[in-house]
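Asker: predicted structure and sequence below. I'll ask about it afterward.
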Amino acid sequence: MLWRISMGWPAVYLHPRYFPALPLSTPPIIGPEALPALAERLRIAPPSRLFVLADANTARDCYPRLAAYLPAHELLTIAAGEEHKTLATCTEVWHWLTQHEADRHALLVCLGGGVVTDLGGFCAATYKRGLRCIGVPTTLLAQVDAAVGGKTGVDFQGFKNHIGVFQEPEAVFMEPAFLSTLPAGELRSGYAEVIKHALIADAAAFADLRGLAVAAVPDWTPIIRHSVAIKGQIVAQDPHESGPRKLLNFGHTVGHALESYLLAQPGRAVRHGEAVAAGLVCESWLAAQRGLLSAAELTQVREVVAAAFEPLGFAENEIGEIAAYARHDKKNQGDVIKCTLLQGIGHGIFDQAVTVADIEDSLRAYLTK
Ligand SMILES: NC(=O)c1ccc[n+]([C@@H]2O[C@H](COP(=O)([O-])OP(=O)(O)OC[C@H]3O[C@@H](n4cnc5c(N)ncnc54)[C@H](O)[C@@H]3O)[C@@H](O)[C@H]2O)c1
Ligand SMILES: O=C(O)C(=O)C[C@@H](O)[C@H](O)[C@H](O)COP(=O)(O)O
Ligand SMILES: [Zn+2]
């Protein structure tokens, strides 16, 4: 088949031999076969140079396991934590790549949670306009969500993921055994995105989460596979979030507002998933207010979230400042805050206009219920 490309230019015909269809994404390899598969990929398609980006914790807890599968490489360890997901850290990474004379055939392996995969993916996409990149996510959150779908970026001036690009890594390798060293709070944080995926797309999966105890899950592999499948299907339909991908942002209009506000308060930072968990409750409340979710369904959402998460600490008099962050949400259009809501459990709907006052009300309801 020949592809005809015109777009106002003189028509040219692209033969697939010269322009092979670029895969939007290769499905992640999940399981004990992941790291051997990574080694095999590097053997078949060797980069000019190999670079590994880790943070202080993944360098200690995950890198030794990964390194056994890698040929010669350079390692850069950045400071751990959301407060380092910044352009200043990107500068460190770009500087390191430059010092080591990385060319565009070099490959960056991002070994870590969502901070490392978001920031590393962004650095890889922008260094010399793009070098090769592979994700090796090591948190539950990054395995079920962050390492899938190609959203990369960093926080800027207090706003979440304010600077970034859509750029899929060439492959993602998930070894669930990395989760064995993950602190319990981080495991819970990832669980928020698992709840989100069930709420927007799979009522039966949500029913399975009722009564689930996060600390007692013997093997997260089936849950990771299911979340990745839900997210992968949505991203494949809308990689750049012009429509249905907004479903994956359920809980994040309020969640990011809470996360950004608390990150800016010394000593009060919360994990991404903790803020999203509160966002799921607030946005479910908004859906219930509009008659989109029944009172019984709202109770179920509250129960599943409360089984894993303590209520988030903020006060009534902070609500105005928190809600104001929603004005910067990336789903908004002009002055209209566009939120993803639920139309029944298992069915998300996007582009629902809400006001700052609605968000304030949902935060007030969160504090009082
Ligand atoms: N791109 C996306 O689609 C997407 C999706 C969801 C979240 N995110 C982003 O992801 C970030 C949150 O990711 P996260 O929760 O993974 O946080 P994180 O990357 O900060 O990791 C959490 C903590 O766990 C440590 N850690 C990681 N793996 C470990 C392991 N195996 N053993 C021991 N410690 C380990 C890290 O060093 C860190 O201290 C946020 O910035 C969020 O905005 C992005
Ligand atoms: O992949 C997506 O699309 C998501 O929205 C997944 C979210 O869990 C994730 O937190 C994402 O980084 C939020 O994106 P943003 O565009 O609201 O910054
Ligand atoms: Zn998220």
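Answerer: Cool, the structure landed. Ligands and ions are numbered 1, 2, ... in the order given.

Asker: what about the spatially most central residue of the chain, distance to Val228?
Answerer: What sits nearest the mean C-alpha location of the chain, by Cα atoms, centre = their mean, is Ala146, with 2.7 Å. Computed as Cβ to Cβ, to the nearest Å, the Ala146 to Val228 distance reads 11 Å. (Glycine included, C-beta is placed from N, CA and C.)

Asker: cool, His256 as well?
Answerer: Going from His256 to Val228 by Cβ to Cβ gives 22 Å.

Asker: model confidence for whichever residue of the stretch 201-350 of the chain sits closest to ligand 1, exactly?
Answerer: At 4.1 Å from ligand 1, His272 is the closest residue in the stretch 201-350 of the chain, using Cβ to the nearest ligand atom. You'll see His272 listed with a pLDDT of 98.

Asker: residues near it, how many?
Answerer: His272 has 25 neighbours, counted by other Cβ atoms under 10 Å.

Asker: for it, what are phi and psi?
Answerer: Reported as degrees, to the nearest 10, the phi and psi values for His272 are phi -50, psi -50.

Asker: wait, doesn't it sit right on Arg188?
Answerer: No: His272 is not in contact with Arg188 according to Cβ atoms under 8 Å; the separation is 11.3 Å.

Asker: residues contacting the residue in the chain positioned nearest to ligand 2?
Answerer: The nearest approach of the chain to ligand 2 comes at Asn161, 3.4 Å away (Cβ to the nearest ligand atom). Residues near Asn161 by Cβ atoms under 8 Å, 6 or more residues apart in numbering: 118, 151, 153-155, 330.

Asker: filter the residues you listed by proximity to ligand 1?
Answerer: 118, 151 (Cβ under 6 Å from any ligand atom).

Asker: now, the contacts of Asn161 that are in helices?
Answerer: Asp118 (DSSP state H).

Asker: now the contacts of Asn161 in JSON lines, with pLDDT?
Answerer: Below are the contacts of Asn161 laid out as JSON lines (pLDDT from 0 to 100):
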{"residue": "Asp118", "pLDDT": "98"}
{"residue": "Lys151", "pLDDT": "98"}
{"residue": "Gly153", "pLDDT": "98"}
{"residue": "Val154", "pLDDT": "98"}
{"residue": "Asp155", "pLDDT": "98"}
{"residue": "Lys330", "pLDDT": "96"}
